[in-house]
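Q: with the input below, show me the fold.
(one chain, ligands or ions: 1)
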Amino acid sequence: MSDLGYFSARQIAPSQSLKQLLATGEWSFHQLDGSVIANLKVLWQGSIDPFGLLNFSRPCWKFFWRSKDSQDIFVGLGSLVKLGAADRARLEQLRDFRLFGGLQFPDGQDQEGLWDGFDDSFFILPEVEWTFSEGETFLNLRLSTDGTISEEDLGQRAAVIYRNYIPANLGRTMPSLPPMVRSTNQPSKHGWHQMISQAVDEIKQGLYQKVVLSRFKELQLAHDLDLGTLMTKLAAIEERSYVFAFVEPGGKAFVGRSPERLLAWQGTKVQVDAIAGTRKRFTSLTADLEHGQDLQGSDKDLDEHRFVSDYVEQLLKSFCDDVVQKEREQILRLKHVQHMRSQYLARRRDEVHPLELLSALHPTPAVGGAPREEARQSIANHETFGRGLFAGALGYCAGEAGDFAIGIRSALVENSLVTIFAGAGIVELSTPDAEWQETEIKMNNFLDLFGMTVDQDETSQLH
Ligand SMILES: C=C(O[C@@H]1C=C(C(=O)O)C=C[C@H]1O)C(=O)O
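A: From the prediction side, this is the model:
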């Protein structure tokens with residue numbers, strides 16, 4: 001294959017035969033309403049490139065997830081069961097499994113159909129799941145039965161799923177991404193200036209106190225990009241952020257590298273981040289530290305930040321006990337920006353379902369504003385596109401454990417088109433130029449990959 005310019009992180013042929021896999025795997029059975037979900041878990045002997053799995057060509061749901069504080073990777077393919085956030089009873093029945101999905105940003109507008117294929121809320125049990133953890137790879141194959149299936153039939157159906165989802169060219173990625181041929185901004189710089197000035201006026205009039213407004217940059221590439229390659233490059237950026245891809249069967253991929261945890265839980269223990277307030281990074285260590293300190297001492301940024309941290313704290317107090325601020329207004333240094341971050345720990349009350357807490361938290365003023373309803377209205381009035389999964393809640397729930405990021409530093413990829421999103425918190429002292437530059441730098445994770453990094457010198461207005 002290398003003569004075609006491909007590289008491969010694994011041998012093409014699996015080292016085990018299908019028969020061996022079926023014989024060594026472990027079956028488990030789980031009730032879902034009147035049917036039974038059968039799961040075959042197999043220890044995979046051989047190396048596989050988890051990024052390459054995203055290049056699987058059959059149209060189906062695909063998920064890639066790496067948390068911000070773990071190297072474990074989960075990849076899901078196909079959809080055996082798809083539920084909405086309100087389908088709590090069935091979500092509970094599936095608590096032994098990891099369901100991938102989340103909630104869109106609730107702005108209620110997508111006239112353009114940008115997000116067609118993604119539901120407002122979705123939680124999906126994939127037919128096939130790969131887990132990569134501490135050097136071990138497990139493959140799970142799942143099927144739904146009426147509960148009376150024979151062992152032989154189970155084996156045969158697992159073999160069909162295996163053949164459907166594990167093609168011979170599994171795990172290959174291309175060495176490079178296509179070049180960019182054209183880029184456009186929506187709104188234009190002029191439109192952005194008007195929008196931010198109007199929002200600042202509305203804040204001065206007392207209509208609301210903070211709103212997060214966003215924009216996108218569309219990159220037209222020379223040809224279709226290879227998702228596995230994009231994710232490999234995104235994951236290689238050195239910072240502790242979530243790395244994710246959510247791909248709908250039509251082929252639209254929502255991908256990102258978000259630093260912000262919306263909610264994670266383990267049993268009743270929950271964790272939430274509040275991030276707001278931004279400066280760029282500097283190559284000089286002294287300048288970098290100085291700008292970090294400046295951020296921590298800036299009234300404008302403290303204001304912007306505390307709308308988020310106060311909201312998170314109050315909300316946690318109404319659903320949880322023992323709410324503790326683990327980190328207060330500390331600097332989080334990422335590759336291109338530094339932020340102010342506060343972190344919370346709490347103990348969820350037994351009667352509160354984690355997804356109830358997730359739905360109540362989302363959207364926080366880190367991506368919405370304050371007060372919440374007025375800010376949501378302002379976003380709907382000013383922005384001309386549906387945010388969809390951008391600024392949404394994305395992650396997985398697996399009964400006792402769950403982890404959701406805010407879907408920022410993200411892009412929607414469809415064939416040769418990459419739409420990169422970024423927003424910025426607007427308060428009374430905000431200026432359109434500085435917020436334009438802030439959103440440019442926030443896009444750098446993606447712009448970098450296409451040789452379009454926003455020049456540090458151009459960004460001097462971002463303090
Ligand atoms: C909205 C975004 O980021 C959010 C807004 C921030 C800010 O205004 O300072 C900082 C971090 C995020 O909570 C984004 O990256 O698109």
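Q: residue of the stretch 51-200 of the chain closest to the ligand, please.
A: Nearest residue of the stretch 51-200 of the chain to the ligand (CB to the nearest ligand atom) works out as residue 105 at 10.3 Å. In this view, the C-beta of every residue, glycine as well, is placed from N, C-alpha and C.
Q: then the stretch 201-350 of the chain?
A: For the stretch 201-350 of the chain, CB to the nearest ligand atom, closest residue to the ligand: residue 278, 3.7 Å.
Q: can you give the domain ranges for the chain?
A: According to automatic domain parsing, the chain comprises the domains 2-173, 180-459.
Q: among those, show me which one is buried the most.
A: Most buried of the domains of the chain, by mean neighbour count (mean count of other CB atoms under 10 Å): domain 180-459, with a mean of 19.
Q: so which bits of the stretch 151-300 of the chain are right by the ligand?
A: 212, 214, 260, 275-278 (CB under 6 Å from any ligand atom).
Q: just put those residues in a markdown table and tack on secondary structure and pLDDT.
A: As requested, those are exported to a markdown table (DSSP: H, G, I helix; E, B strand; the rest coil; pLDDT from 0 to 100):
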| residue | secondary structure | pLDDT |
| --- | --- | --- |
| 212 | strand | 98 |
| 214 | strand | 98 |
| 260 | coil | 98 |
| 275 | strand | 98 |
| 276 | strand | 98 |
| 277 | strand | 97 |
| 278 | strand | 98 |
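Q: ok, so of those, who is nearest residue 201?
A: Nearest to residue 201 among these is residue 212, at 16.8 Å by CB to CB.
Q: where in the stretch 1-150 of the chain is pLDDT low?
A: Scanning the stretch 1-150 of the chain for pLDDT under 70 picks out 1-16.
Q: what ranges do the helices span in it?
A: Assigned by DSSP state H, counting those that start in this stretch, the stretch 1-150 of the chain shows helices spanning 18-24, 88-93.
Q: reformat the ones you listed as a markdown table; add distance to residue 310.
A: Conversion of the helices of the stretch 1-150 of the chain to a markdown table gives the following (distance: least, CB to CB, whole Å):
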| stretch | distance to residue 310 |
| --- | --- |
| helix 18-24 | 53 |
| helix 88-93 | 29 |
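Q: and those helices: which comes nearest residue 409?
A: Closest among these, using CB to CB: helix 88-93, at 27.8 Å.
Q: can you dump the C-alpha coordinates of stretch 283-292 into PDB?
A: Extracted C-alpha coordinates of stretch 283-292, given in PDB (Å, rounded to 0.1, in the frame of the first residue of the first chain):
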ATOM      1  CA  THR A 283       7.200  33.200  22.900                       C
ATOM      2  CA  SER A 284       9.000  35.100  25.700                       C
ATOM      3  CA  LEU A 285       8.400  33.500  29.000                       C
ATOM      4  CA  THR A 286       8.400  36.900  30.800                       C
ATOM      5  CA  ALA A 287       5.800  38.400  28.400                       C
ATOM      6  CA  ASP A 288       3.700  35.200  28.700                       C
ATOM      7  CA  LEU A 289       3.700  35.400  32.500                       C
ATOM      8  CA  GLU A 290       3.000  39.200  32.500                       C
ATOM      9  CA  HIS A 291       0.000  38.800  30.300                       C
ATOM     10  CA  GLY A 292      -1.300  36.000  32.500                       C
END
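Q: any idea how far that stretch is from the chain center?
A: 29 Å (CA atoms, centre = their mean, to the nearest Å).
Q: which residues does the longest helix along the chain contact?
A: Across the chain, the helix with the greatest residue count (assigned by DSSP state H) is helix 299-319. The set of residues external to helix 299-319 that reach it, using CB atoms under 8 Å, 6 or more residues apart in numbering, is 209-210, 270, 272, 274-278, 295-296, 323, 325, 328-329, 340, 342, 344, 346, 348-349, 352, 356-357, 360-361, 364-366, 369-370, 372, 425, 427, 429-430.
Q: ok, which of the helices of the stretch 1-150 of the chain comes nearest residue 127?
A: That would be helix 18-24 among these, by CB to CB, at 15.6 Å.
Q: output the contacting helices and strands for the closest one.
A: If contacts are counted by 3 or more CB pairs under 8 Å, 6 or more residues apart in numbering; DSSP states H and E, helix 18-24 sits against strand 35-43, helix 151-165.
Q: can I get those in a markdown table with distance to residue 439?
A: Shown next, in a markdown table, are the helices and strands packed on helix 18-24 (distance: least, CB to CB, whole Å):
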| stretch | distance to residue 439 |
| --- | --- |
| strand 35-43 | 43 |
| helix 151-165 | 39 |
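Q: dump the residues of the stretch 151-300 of the chain next to the ligand to TSV, plus distance to residue 43.
A: What follows is those, written out as TSV (distance: CB to CB, whole Å):
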residue	distance to residue 43
212	45
214	44
260	34
275	38
276	43
277	46
278	44
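Q: of all these, which comes closest to residue 172?
A: residue 260 (32.1 Å).
Q: what's the distance between the nearest residue to that closest one once chain neighbours are set aside and residue 262?
A: Once flanking residues are discounted, residue 260 sits nearest to residue 406: 4.3 Å by CB to CB, 6 or more residues apart in numbering. For residue 406, the distance to residue 262 equals 5 Å [CB to CB, to the nearest Å].
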